[in-house]
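**Student:** how would this look folded up:
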Amino acid sequence: MNVNNSLSKRVSHISKCTQQHMDSRLKPLELSSGSYPFLMLLSEEEGINLEKLSRLAHVDKAMTTRTVQKLIGLGFIERIQDNKDQRACKLYLTAKAKAVIPIIKEALNSWITQITFDIPADKLEELYSMLDIILEKAEEK
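**Tutor:** Numbers count the residues shown, from 1 in each chain. Coordinates of the predicted model:
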């Protein structure tokens, strides 16, 4: 297989294009392609700690800590001390964050529509199925 046509190169390029698109769309909200995924994860499961958020985001705890601190400073996340463990904190979305979640979802959905609009639905489902298989194998330890 020609390295120039490799799967990893294509996936990486799609990811970079997606980051650029999301950075552009979310800049007025003071969010970026590096920060919005944390809000999306918390919108699915509030009250989790930094460690679990790191696992869900597939990044190290230091990156999660820096991003969460930034999002707290911007008023998107609040950190509440755990009543059971005073050393632990739980993370919650603020009203400001809950208000931007639909905007983030719309930006993501419009991007996916833009880059896949001319792919027939059956081919798109096939692509997603193949990517799921590849992802599962990539995550095997």
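**Student:** Residue 33 reaches residue 18, doesn't it?
**Tutor:** Yes. Applying C-beta atoms under 8 Å, one finds residue 33 in contact with residue 18, separated by 7.2 Å. C-beta: built from backbone N, CA, C; applies to glycine.
**Student:** Residue ranges in this protein under the pLDDT threshold?
**Tutor:** Applying pLDDT under 70 to the chain flags the ranges 1-5, 86, 141.
**Student:** how about the strands in it?
**Tutor:** Ranges of strands within the chain are 77-81, 89-93, based on DSSP state E.
**Student:** Let me have those in a markdown table, adding mean neighbour count and distance to residue 70 as columns.
**Tutor:** Output for these, formatted as a markdown table (neighbours: other C-beta atoms under 10 Å; distance: least, C-beta to C-beta, whole Å):
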| stretch | mean neighbour count | distance to residue 70 |
| --- | --- | --- |
| strand 77-81 | 15 | 9 |
| strand 89-93 | 18 | 13 |
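**Student:** Is it correct that residue 53 is in contact with residue 68?
**Tutor:** Yes. Between residue 53 and residue 68 there is a contact at 7.2 Å, judged by C-beta under 8 Å.
**Student:** Overlap in contacts, these two.
**Tutor:** 38, 91 (C-beta atoms under 8 Å, 6 or more residues apart in numbering).
**Student:** which residue ranges form the helices in this protein?
**Tutor:** Taking DSSP state H as the test, the helices found in the chain are 7-26, 36-44, 50-57, 61-73, 95-116, 121-139.
**Student:** Restricting to C-alpha, output the fourth one in CSV.
**Tutor:** Just to be clear, that refers to helix 61-73. Taking C-alpha atoms only, helix 61-73 is exported to CSV below (Å, rounded to 0.1, in the frame of the first residue of the first chain):
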residue,chain,number,x,y,z
LYS,A,61,-5.4,14.2,32.8
ALA,A,62,-3.1,17.2,32.4
MET,A,63,-4.8,18.2,29.1
THR,A,64,-8.2,17.7,30.7
THR,A,65,-7.2,19.8,33.7
ARG,A,66,-6.0,22.7,31.6
THR,A,67,-9.1,22.6,29.3
VAL,A,68,-11.5,22.4,32.2
GLN,A,69,-9.8,25.3,34.0
LYS,A,70,-10.1,27.4,30.8
LEU,A,71,-13.8,26.4,30.5
ILE,A,72,-14.4,27.3,34.2
GLY,A,73,-12.8,30.6,33.6
